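*Asks:* mind looking at a prediction? Sequence and model below.
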Amino acid sequence: MAYQLASRNEEINIVAFDYGQRHRRELECAKRCAADLDAKYNEVDLRGVGSLLTGSALTDDIDVPHGHYAAPNMAITIVPNRNAIFLTVAFGIAVARNATAVATAVHGGDHYVYPDCRQEFLESFNAMQRLACEGTGHPDLHLETPFANGNKGDIVRVGAELNVPFDQTWSCYEGSELHCGKCGTCVERQEAFEMAGVDDPTIYRD
């Protein structure tokens, strides 16, 4: 998504969140992406909030489930209200920096497991933020969700057209030296490259 926005000559501010997740690999990749695009980068420390969002395999000492997202056991990867928290902070930053939009790359493939990736949530959140930011002098500030009705295969196809360095992106929940190849997001990553007909440069442990 960041590369897509950059291709439109948009000025980008990449915001990443440390909420006490089990590893920092995606944060390192976000910072590298910002440097590659000559974009501003801000890392928001939400570890205090994250410590209260217990019961998830992404924040607690709970085994990360393996398999496809369609499996019921993937519910253990839900972090309560995570996207609403992230987006609320992002909208505050957007107002402070006179931005015209907040963009998030949630996608249709996540709808089954994550309620805060569904179209109903995104539309309601956008309406709520318009009210929350009313009177701030930013009447056009809105939420952009370019992949909300697509899947990761669509994301890979767009990324390939934009020459995104996929080998410098991170999906795996486990955060080891290599992608595990078995967790839900690794399985989806492999499927996405196959659906898009694009070579997957990722090295998987299994």
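*Replies:* Great, that's in hand.
*Asks:* can you find the helix or strand of this structure with the lowest average pLDDT?
*Replies:* Counting by mean pLDDT, DSSP states H and E, the chain has its least confident helix or strand at helix 47-50, which shows a mean of 81.
*Asks:* list the buried residues for that one?
*Replies:* Buried residues in helix 47-50, counted by 16 or more other C-beta atoms under 10 Å: Val49, Gly50. For the C-beta atoms, the positions are set from N, CA and C on the backbone; glycine is no exception.
*Asks:* and the helix or strand that it is followed by, C-alpha only, in PDB?
*Replies:* Reading on from helix 47-50 to the C-terminus, the next helix or strand found by DSSP states H and E is helix 82-96. Taking Å, rounded to 0.1, in the frame of the first residue of the first chain, the C-alpha atoms of helix 82-96 are listed here in PDB:
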ATOM      1  CA  ARG A  82      -6.500  -3.600  17.700                       C
ATOM      2  CA  ASN A  83      -7.400  -1.900  14.400                       C
ATOM      3  CA  ALA A  84      -9.700   0.600  16.100                       C
ATOM      4  CA  ILE A  85      -7.000   1.600  18.500                       C
ATOM      5  CA  PHE A  86      -4.400   1.900  15.800                       C
ATOM      6  CA  LEU A  87      -6.600   3.900  13.500                       C
ATOM      7  CA  THR A  88      -7.800   6.200  16.200                       C
ATOM      8  CA  VAL A  89      -4.100   7.100  17.000                       C
ATOM      9  CA  ALA A  90      -3.400   7.500  13.200                       C
ATOM     10  CA  PHE A  91      -6.300   9.900  12.800                       C
ATOM     11  CA  GLY A  92      -5.000  12.000  15.600                       C
ATOM     12  CA  ILE A  93      -1.600  12.200  13.900                       C
ATOM     13  CA  ALA A  94      -3.300  13.000  10.600                       C
ATOM     14  CA  VAL A  95      -5.100  16.000  12.100                       C
ATOM     15  CA  ALA A  96      -1.900  17.200  13.700                       C
END
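*Asks:* check the offset of helix 82-96 from the chain's centre.
*Replies:* 13 Å (C-alpha atoms, centre = their mean, to the nearest Å).
*Asks:* could you list the residues in contact with that helix?
*Replies:* Helix 82-96 has contacts (C-beta atoms under 8 Å, 6 or more residues apart in numbering) with 13, 15, 17, 19, 42, 44, 46, 49, 53, 99-102, 104, 106, 114, 116-117, 121, 125, 129, 132-133, 136, 138, 141, 143.
*Asks:* tell me the strands beside the helix or strand just after it, with direction?
*Replies:* Moving toward the C-terminus from helix 82-96, the next helix or strand (DSSP H and E) is strand 101-103. With DSSP bridges as the test, strand 101-103 is paired with strand 142-144 (parallel).
*Asks:* fine by me, we can end here.
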